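Asks: I would like the atomic coordinates for the input below:
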Amino acid sequence: MVPNPWMAEAAVNAGIALGAAAAGAFVTRWWNRARPLVVLSGFGDIVRSTTQIQSPEDLLKVTSESTSIPNPAPIVEPYQLLELREAATVGALRYKTAVEKLPQLRQQLTEAPDDATAIDTIMQVLSHSGIAEGISVALKRSKFSLPDTTPSVDGEKIPVTESDEDDGCYLIGWKSGTSTFSSRLLRQPFLKTRIGPFMNAVRYLNRPVLIQALDGVFPFLQHQLQVHAEIVNIVARMVDANSRWAARLLIANYGAAPMIIWPDAVLRVQGKGRGTFAVDTYLAVEGSGDALVDLAGVHVLAPGEKLTVWAITRDIQQNLKEGHLLRAHYVARDAEAVVHLKVTRRGTFGSKAASNSAVFYESLTAPSRSRAA
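Replies: Predicted coordinates for the structure are as follows:
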C-alpha cells in the first residue's frame, strides 16, 4: 500500500498543533503560577507560655540572700522568669552604682569643711536607693551595729521624725523637701533599736558614726551586687535552656495563582568550619499585639497577599542535640541561617521555597507569648 502523502502531512500538522497547544498551556500556567517570595528579617528567642520551668537549688539559695527579690516558686512560668531577670538586672545596676559612689561620698563627708557641706553629702547618701536600702537592711539584719549618739547641745542639725507611712519609717527634712528612710518598723518594733542609732547620728550630724555606717554597709553592698549579678546569670541560663529560636519571615505571593503554605519548615544554620545544622520548626502567624498563633493545618495565600510568620524551633535548646553549639553560634554571630518552607503550587513548579540568608544572632525581640490556634 502506498502511503498517502497528504495524510502523513496532516498527521504531522496535527502533532505540531497539539504540541503547540500543550506548550502554550504550559507557558500560560508558568506565567500564571504562584510565585513565593520569602524574606527573612531576623532572629529572636521565644519562651512559650505553656512551658513549666523548675527552679534550681542554686537559684533558690541565692535569691534568699537578696534584699529585694523573693524566692521563686518551685515551678515557675516563663513570664515569671523574665520578670525575675528584669528585677535582678535593675537590682544589680542599683548596687553597682552604690558600690562605685559610696567611697566618693565617704571622702566628701570626711573632708566636708562645714556642716552645710556635710548635710548635703548625707542627703546624697540617703537619696541613693541602693545605699539607703543597704544601710537599712544591713542594720536590720545585724550585719553591723552603731553606737548611739548623745543629743548635741546645739540641737538637731537635720530634722528627723517617726511616721506611720510605709508601716513605720523615719521622715528626714531637707531644705529641698522630705525623704523617708526604712519601712515596716511598726510591724517589727524591735528593729527600731537597730535603726535608731543611725537616725540619731543623722539627726545630730555625728560624722564619726556616719562614716562608721558607710564603712559598715560597704561590704554588704558589694555582696548584694554579687548576689543580683548571680541571679541574672542563673536566670539567663534558664531562659536560654528553655527557649526556642524563632525566625521572622514575610511570605508574599506575587504570582497569579494561589499557593498553599504548610506548617512545617526547616531552619538551616551554616557555621564556619563546623558543618550545617538542620533544625525542625513550625510556623506561627504574627497576630495583633504581642502574640503568635500556631499555624493549624495549611494556609492558602492568594495572589498578591502577604503573611508574616515566625518559624519556631520545635524543641527547646536543652532538648536539641546540638543546642549548645547553636547557642554558641548565636552569641558569637559567626553563622549564616536560612529557612526552607514547604509550599504547594499548581503544576510541577516545585514544593519548596527558601528565604534569603541572614546572620544567626538575636536581631529582633520575639513576641513573648505564643499559643496554639
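Asks: which residues of the stretch 1-150 of the chain fall in strands?
Replies: 36-46, 53-54, 75-76 (DSSP state E, counting those that start in this stretch).
Asks: Sheet-wise, list the partners of the last one with their directions.
Replies: Looking at strand 75-76 with DSSP bridges, its partner strands are strand 53-54 (antiparallel).
Asks: List the contacts of the strand it pairs with.
Replies: With contacts defined as C-beta atoms under 8 Å, 6 or more residues apart in numbering, strand 53-54 is touched by 74, 75, 76, 77, 78, 81, 238, 242. C-beta: built from backbone N, CA, C; applies to glycine.
Asks: burial measure for the spatially closest residue to residue 38 that is not a sequence neighbour, as a count.
Replies: Closest residue in space to residue 38, ignoring its immediate chain neighbours: residue 355 at 4.1 Å, by C-beta to C-beta, 6 or more residues apart in numbering. Here the count is done by other C-beta atoms under 10 Å, and residue 355 has 24 residues near it.
Asks: Look at residue 355 and report its pLDDT.
Replies: Per-residue confidence (pLDDT) for residue 355: 91.
Asks: That one and residue 249 touch, don't they?
Replies: Yes: using C-beta atoms under 8 Å, residue 355 is in contact with residue 249, at 6.0 Å.
Asks: residues shared between the contacts of the two?
Replies: Shared contacts of residue 355 and residue 249, counting by C-beta under 8 Å, 6+ apart, come down to 38, 39, 40, 339, 341.
Asks: Tell me how many other residues surround the third one.
Replies: Per other C-beta under 10 Å, the neighbour tally for residue 40 reads 19.
Asks: Helix or strand for the nearest residue to residue 247 once chain neighbours are set aside, just tell me which one.
Replies: Residue nearest to residue 247 in three dimensions, not counting chain neighbours: residue 311, with 4.6 Å by C-beta to C-beta, 6+ apart. Taking DSSP states H and E as the definition, one finds residue 311 inside strand 306-313.
Asks: Following element in sequence after that strand, please.
Replies: With DSSP H and E, the next secondary element past strand 306-313 is helix 323-332.
Asks: returning to what we had before: any idea which of the contacts of strand 53-54 is closest to residue 325?
Replies: residue 242 (17.5 Å; C-beta to C-beta).
Asks: Residue 60 is in contact with residue 234, correct?
Replies: No: contact criterion C-beta under 8 Å: residue 234 and residue 60 do not qualify, at 10.0 Å.
Asks: Give me the more crowded residue out of the two.
Replies: residue 234 (21 against 14).
Asks: No further questions, thank you.
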